[in-house]
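In: Just the structure for this:
(chains A and B)
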Amino acid sequence: MNSSNNVERHPKTVNPNSSTFSLSVNGERHTLTLDNRTTLLDALREHLQLTGSKKGCDHGQCGACTVLVNGVRINACLSLAVMHEGDDIATIEGVGEADHLDPMQQAFVDHDAFQCGYCTPGQICSAKAVLEEIQAGLPSHVTYDLNTPIELNDAEIRERMSGNLCRCGAYANILKAINQVAEARS
Amino acid sequence: MKAFSYERVSDPAQAAARAAEVPGAKFIAGGTNLLDLMKHEIEIPEHLIDVSGTGLDDITPTNEGGLRIGALVSNAALSADARVRKDYAVLSRALVSGASGQLRNKATTGGNLLQRTRCPYFYDTGMPCNKRSPGAGCAALGDGATSRQLGVIGTSDTCIATHPSDMAVALRVLDAEVETVTSSGETRRLTLDEFYQLPGDTPEVENALQVGEMITAVLLPPPVEGHHAYYKVRDRASYAFALVSVALIQASDGTGRVALGGVAPKPWRRDEADAVLSQGASAVMARLLDGARPTQENAFKLTLAERTLAALLAQE
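Out: Purely as a prediction, here's the structure:
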């Protein structure tokens, strides 16, 4: 429901409870006119047909909707789309393609890091951001010394991935997959 | 979720003036708690004022030798700031013990202070709650209620909810102040103790903000020397609210300060308890938790608080 047509037909003054705004998703610019209540997740899934990001709990508890906004991972279900005017959104659709997987996607395949796969897009987006956050020196609850470079270990990965639940319990293999990418990078 | 109108503002004073002027208006920044509550129709704003573009996202040194944390600084950015990690470690530790990585990236300093309780009866709109609907009654005080997570001190006959923030507990032990702008454009400064209100007969009033008043910053005094620690006890290892948490700053001579989270409607600290820190956990808790009124289900928090402080002191 992308669209400039929409904008012309429904100028923003007609309905005070909707807004027109522009954002970029995986490098492509979109202008949308949507009800103000629309979350970023619903804008992606229902209006841009990018259904890779999943709606698990819709309350920020499960992480299945994790996307990157200007390079930072957030829960797309707990953010209003209208508040993302001008932002760059990256979803799982922008991470890799079936014949050209991102190293994190390949690692999830290599280690059988999923069963039903529903949480996987969120796990992969989150995992990629976790490695960046560690590299950038963002501390976590298990970081022993706040004033030295962070050591990348299992405890750090587990703690930092705690916002992504996996109902199938594939955690052990998710950990292996993330470690594979971390080791390849170091 | 109920429909609402939306506007962006670029200036904090303008935001405060608009919030006082437009009926049913609320500020939104990170939105991680507000949007959740709007989905449950616990919060039903008619108008949202998006303050995320008001430029309050810097951490700057103050003339007094402390730090001014803009209200929009994310929990993640605050926890990672090199000055905070070095000189205010208790704050960094408290921040990273809360929520998840995704939420800390989005949640703001001002919003963290203003987040609502996670009392299960506040969230369950099918149950009575004086905080949600003043005068309706408190399901948490009913027979057979689940009160394990709830407050043991500072509570009242109308409400036993706790304030869920970890960050605020560290700010309380650091003697931080909340800076605001009122709807008439004046600046106010409030200590955390002044900012948070106890429930009494009006549990729906949680803080001292006036209509339209907006948090612009948190002010940290000059660094407090000593060992900084934050110990959070919870039902799982990560991504859960505190049963009990202890923020501690202890100097090499054994004196210092203690604040508790998870036990009260506000971060809990008393001067008379700080005064006896060098005498150990038992002496501190006898003063800090004097007058506690736990339920049968959460009386364990009194023992847990003492043991948590004892564990921290033993790490010294």
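In: A helix includes B:Glu306, no?
Out: Yes - counting by DSSP: H, G, I helix; E, B strand; the rest coil, B:Glu306 is part of a helix.
In: quick one, what contacts it?
Out: B:Ala281, B:Ser282, B:Val284, B:Met285 (CB atoms under 8 Å, 6 or more residues apart in numbering or on different chains). Yep, even glycine has a C-beta here, placed from its N, CA and C like the rest.
In: which stretches of the chain have low pLDDT?
Out: Picked chain A for this. A:1-14 (pLDDT under 70).
In: Chain B was what I was after
Out: When residues are selected by pLDDT under 70, those of chain B lie in B:316.
In: Now do the one residue in it that gets nearest to chain A: how many residues are near it, please.
Out: Minimum separation of chain B from chain A (CB to the nearest CB) falls at B:Ser100, amounting to 2.6 Å. Neighbours of B:Ser100 under the rule other CB atoms under 10 Å in any protein chain shown: 26.
In: A:His141 is in contact with that one, correct?
Out: No - with contact defined as CB atoms under 8 Å, B:Ser100 does not count as touching A:His141 (10.5 Å).
In: Pull the distance from the host helix or strand of B:Phe122 to the chain's centre.
Out: Element membership for B:Phe122, per DSSP states H and E: helix B:120-123. Distance of helix B:120-123 from the chain centroid (CA atoms, centre = their mean, to the nearest Å) equals 17 Å.
In: do it and chain A meet?
Out: No - applying CB under 8 Å from any CB of the partner chain, one finds helix B:120-123 out of contact with chain A, separated by at least 10.0 Å.
In: Whether the next helix or strand after that helix contacts chain A - can you check?
Out: Proceeding N to C from helix B:120-123, the next assigned helix or strand is helix B:167-173, under DSSP H and E. No - applying CB under 8 Å from any CB, one finds helix B:167-173 separated from chain A by no less than 13.1 Å.
In: ok, residues contacting helix B:167-173?
Out: In contact with helix B:167-173 (CB under 8 Å, 6+ apart) are residues B:75, B:78, B:88, B:90-91, B:93-95, B:98, B:109, B:112-113, B:192-193, B:196, B:218, B:220, B:230, B:245, B:247-249, B:257-261, B:266-269.
In: where's the residue of chain B most remote from its centre, which helix or strand?
Out: Distance from the centre of chain B peaks at B:Asp253, with 29.5 Å (CA atoms, centre = their mean). Assigned by DSSP H and E, B:Asp253 belongs to neither a helix nor a strand.
In: Does it touch B:Ser278 like I think?
Out: Yes - using CB under 8 Å, B:Asp253 is in contact with B:Ser278, at 7.3 Å.
In: Which strand or helix spans the closest residue to B:Ser100 other than its chain neighbours?
Out: Distance criterion CB to CB, 6 or more residues apart in numbering or on different chains; nearest residue to B:Ser100, sequence neighbours excluded, is A:Gly163 at 2.6 Å. Assigned by DSSP H and E, A:Gly163 belongs to neither a helix nor a strand.
In: Spit out the contact partners of A:Gly163.
Out: A:Gly63, A:Thr66, A:Asn75, A:Ser126, B:Ala99, B:Ser100, B:Gly101, B:Gln102, B:Leu103, B:Tyr239.
In: quick one: the residue farthest from the centre of chain B and B:Leu209, what's the gap?
Out: Using CB to CB, to the nearest Å, B:Asp253 is found at 38 Å from B:Leu209.
In: got the contact list for the helix holding B:Phe122?
Out: With CB under 8 Å, 6+ apart as the criterion, helix B:120-123 contacts B:40, B:42, B:116, B:127-129, B:131-132, B:138-140, B:145-146, B:149, B:161.
In: Please convert the buried members of those residues into ChimeraX selection syntax.
Out: Burial among the contacts of helix B:120-123 is assessed by 16 or more other CB atoms under 10 Å in any protein chain shown; the matching ChimeraX selection reads:
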select /B:40,42,116,127,128,129,131,132,138,139,140,145,149,161
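In: Next to chain A, which bits of the stretch 151-300 of chain B? Give me the list.
Out: Applying CB under 8 Å from any CB, one finds that the stretch 151-300 of chain B approaches chain A through B:Ala237, B:Ser238, B:Tyr239.
In: Out of these, which end up buried?
Out: For those, buried by 16+ other CB under 10 Å: B:Ser238, B:Tyr239.
In: Next, format the residues of the stretch 151-300 of chain B next to chain A as TSV and append distance to B:Ser5 and secondary structure.
Out: Output for these, formatted as TSV (distance: CB to CB, whole Å; DSSP: H, G, I helix; E, B strand; the rest coil):
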residue	distance to B:Ser5	secondary structure
B:Ala237	42	coil
B:Ser238	38	coil
B:Tyr239	34	coil
